[in-house]
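S.K.: Sequence and predicted structure are below.
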Amino acid sequence: MATDPLVGLEIKALPLGARTEAGRPVRELVEALTAIGSYLAVVKRILADGPTPPAERLGDALDKSMGQYERAAKTARQLHRLTVCGSEDDDTPPGVRR
């Protein structure tokens with residue numbers, strides 16, 4: 001039986017609070033990107049169903065995709081601020097020095 005030599009070792013690179021703080025935006029980003037993929041798969045199925053897809057169904061799926069894109073973009077900006085500035089609460093516009 002193979003064992004993982006890292007099991008049980010403590011991660012000492014970052015304090016627990018920092019790992020948790022950095023992990024939250026990453027999880028949020030992954031969730032948003034997964035949702036975008038799901039909505040786009042729905043659009044693809046709608047288009048494959050027939051020659052004239054219902055505009056309402058397509059519009060709904062595309063609106064939801066755009067909402068998730070905006071969520072992912074916002075989270076990516078938060079993650080950038082967290083990794084570059086050390087705080088996701090920094091609301092300084094990109095390119096502006098404090």
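M.R.: Noted; the coordinates are in hand.
S.K.: looking at the chain, which helix or strand is least sure?
M.R.: Between all helices and strands in the chain, the lowest mean by mean pLDDT, DSSP states H and E belongs to helix 16-49, at a mean of 82.
S.K.: Quick one: name whatever helix or strand follows that helix.
M.R.: Downstream of helix 16-49, the first helix or strand assigned by DSSP states H and E is helix 55-84.
S.K.: which parts of that next one are buried?
M.R.: The neighbour-count check on helix 55-84 (16 or more other C-beta atoms under 10 Å) flags Ala61, Lys64, Ser65, Gln68, Arg71, Ala72, Thr75, Ala76, Gln78, Leu79, Arg81, Leu82 as buried. Every C-beta, even on glycine, is put in place using the N, C-alpha and C of the backbone.
S.K.: Next, the angle helix 16-49 makes with that helix.
M.R.: Taking axes from the mean of the first three to the mean of the last three C-alpha atoms, to 10 degrees, one finds helix 55-84 and helix 16-49 inclined to each other by 160 degrees.
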